[in-house]
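# Sequence and predicted structure, then a few things I'm wondering about:
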Amino acid sequence: MTDSPGALATGIAFSRAVLVGPPARWSYSTLEEASSCPLRYCLRRATYPDLGHQEGYPSVPSVPALFGNVVHGALEVVVKAMADAAVESPQAESAAEVIRDLGGFTSVVENELANQLASLKDNMRLSKDLHRRIAIDLEARVADARAQVQTYLSRTKFVSGPRHSTQAAEGGRSRAFVRQELGAGSHPEVELVAERERLYGRVDLLMISDDRVDIIDYKTGGESDGHADQLQLYAWLWGADEKVNPRGLGVASLTAAYRDQDVSIDVPNADQMAVLSLEFATKIADADGEIASGSPTARPSQENCRYCAVRHLCASYWATIAPKLSDINQGDLFDYEGVIGEQNGQRSWWLLNDAGRPELLLRTTTPAPPFASGDRVRLLGLRRGADPQTDWPIGSVTVATEAFRVESV
């Protein structure tokens, strides 16, 4: 990273952000994020001195996302081990030996699950109760994760190449990729770099047979138009990487491997490659400018803000996208900004609108919530409720609800 362009006041207590500069290299995902909403990109990667020099703002864990990480991580371990052993087919006896050496599919999945849970240990936005619930949910899906890994693997084709003599690292992962010319064989986790353009990507599986090059990327979520763009960037990067591909071999096929099917992506021709080069150069210049400015633009929208991990720090979200009470159905989760009024009961408080009038009855899980009367707060993840004993709309605190005190607006 380059030197910091300065501090940014977010208006939330203990959340002063010190922005970082543009990265040395961009990936497809980071560039898309910066293009979609520069402010979100910057806030997620800023440092927060009031939070203990926190580098990057932590996200609230999502069980579906964590499950996808478990499947992808376990698949990475298995594919690397099979490539190292020069396995020709997942159905070969040598493949069965690799799985046995790894301790079996279930063991690999459980190791990845443990890695994911360990990564949440110091997440300040995760309560012990929520961490426990996430662990229970994930542990209940071990068999599902194992089945998915086996399904992906059953459709994977390997190319014969030299056997690598390696020692597995902790968690079953094998050799790290070394950036050098690649010969015939199956190559997992290949880092492709275009130094001049400051772009890089990591390919899940790249296979070379004679003069044929095939690229496979495993996708644990649903299909997305962006996946085709990403794979086409990989094809461009393969052509631009003079260290890994000094002979300038072309890509024969691009495949997005989903749980239930493989989708072939068109390999861009020379003219399309030139267009891609220009498009990414423009995106990089725009993103660099936004980040270096010290006042990155917010681009609020339903798509951008729905799952944004830093929306509580964004005044534009609260001014334009945060839902109105009249649009929230019973049982829905919603965000709300208001002032804490008088306490109504042992575990209930009035929330006041900007005119100082009661607007919402807030029900908490404890008589000692992290706020006091007079505080202006932004609440994420309240659940809309109803009570036959009152006509007032009710917002109930859940195990995942977060409260942030507003210092200025």
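Perfect, thanks for sending it.
# For residue 205, which three-state class applies?
At residue 205 the chain is in strand, as set by DSSP: H, G, I helix; E, B strand; the rest coil.
# what does the one 10 residues further on give?
The three-state label for residue 215, taken from three-state DSSP, comes out as strand.
# Is it bridged to anything, and to what?
residue 206, residue 254 (DSSP bridges).
# now swap in residue 406 and tell me
Counting by DSSP bridges, the residues bridging with residue 406 are residue 12.
# per-residue pLDDT, it?
On pLDDT, residue 406 comes in at 96.
# OK, contacts around residue 267?
232, 235, 250, 251, 252, 253, 254 (CB atoms under 8 Å, 6 or more residues apart in numbering). For glycine as for every other residue, the C-beta is placed from the backbone atoms N, C-alpha and C.
# OK, contacts around the second one?
Same thing as residue 235. Residue 235 neighbours (CB under 8 Å, 6+ apart): 215, 251, 254, 267, 268, 273.
# That one in helix, strand or coil?
Once three-state DSSP is applied, residue 235 turns out helix.
# Can you get me a residue count around the closest residue to it other than its chain neighbours?
Distances taken as CB to CB, 6 or more residues apart in numbering place residue 251 nearest to residue 235, at 4.4 Å, with adjacent residues excluded. As a burial measure, residue 251 scores 21 neighbours (other CB atoms under 10 Å).
# got it, and residue 194?
For residue 194, using other CB under 10 Å, the count is 21.
# repeat for residue 136
Other residues close to residue 136 by other CB under 10 Å number 10.
# and the helix or strand hosting it, which residues are buried?
Assessed by DSSP states H and E, residue 136 sits inside helix 128-139. Buried residues in helix 128-139, counted by 16 or more other CB atoms under 10 Å: 130, 134, 135, 138.
# And residue 369, what's its pLDDT?
88.
# ditto for residue 210
81.
# quick one, phi psi at it?
Main-chain dihedrals, residue 210, degrees, to the nearest 10: phi 60, psi -120.
# Chain neighbours aside, what residue packs nearest to it?
Closest to residue 210 by CB to CB, 6+ apart is residue 184, at 7.0 Å.
# Residue 96: which of the contacts of residue 267 is nearest?
For these, the closest approach to residue 96 (CB to CB) belongs to residue 253, at 27.5 Å.
# isn't the closest one right up against residue 217?
No - look at residue 253 against residue 217 with CB atoms under 8 Å: they stay out of range, at 11.8 Å.
# of those two, who's got more company?
Neighbours were counted for residue 253 and for residue 217 using other CB under 10 Å; residue 217 has more, 19 against 16.
# Using PDB, write out every CA atom in whichever strand or helix holds residue 304.
Using DSSP H and E, residue 304 sits within helix 302-305. Provided in PDB are the C-alpha atoms of helix 302-305 (Å, rounded to 0.1, in the frame of the first residue of the first chain):
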ATOM      1  CA  GLN A 302     -30.000  -1.300  -2.800                       C
ATOM      2  CA  GLU A 303     -27.500  -3.700  -4.400                       C
ATOM      3  CA  ASN A 304     -24.500  -2.000  -3.000                       C
ATOM      4  CA  CYS A 305     -25.800  -1.400   0.500                       C
END
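# Can you list the neighbours in contact with it?
Under CB under 8 Å, 6+ apart, the answer for helix 302-305 is 36, 37, 40, 311, 314, 317, 321.
# And these, which of them are buried?
Looks like the contacts of helix 302-305 have 37, 40, 311, 314, 317, 321 buried, using 16+ other CB under 10 Å.
# what sits against the fifth one?
What it means is residue 317. With CB under 8 Å, 6+ apart, residue 317 has these contacts: 298, 300, 305, 308, 311.
# Assess the claim that the last one and residue 320 are in contact.
Right, the one you point to is residue 311. No - taking contacts as CB under 8 Å, residue 311 lies outside contact range of residue 320: 11.3 Å.
# tell me which element residue 202 is part of?
Per DSSP H and E: strand 199-209 holds residue 202.
# How about that strand, which residues are buried there?
So strand 199-209, judged by 16+ other CB under 10 Å, has buried residues 199, 200, 201, 202, 203, 204, 205, 206, 207, 208.
# now do stretch 211-218
Using 16+ other CB under 10 Å as the test for burial, stretch 211-218 gives 213, 214, 215, 216, 217, 218.
# Centre of the chain to it, how far?
With CA atoms, centre = their mean, to the nearest Å as the basis, stretch 211-218 stands 24 Å off its chain's centre.
# which other residues reach that stretch?
72, 75, 152, 156, 159, 203-207, 227, 230-231, 234-235, 238, 249-257.
# Also stretch 245-252?
Contacts of stretch 245-252 (CB under 8 Å, 6+ apart): 181, 182, 208, 211, 212, 213, 214, 215, 235, 238, 239, 267.
# Between those residues, which sits nearest residue 281?
So of the contacts of stretch 245-252, ranked by how close each gets to residue 281 (CB to CB), first place is residue 239, at 15.3 Å.
# sorry, back to before: check the gap between the residue nearest to residue 235 and residue 199 for me.
16 Å (CB to CB, to the nearest Å).
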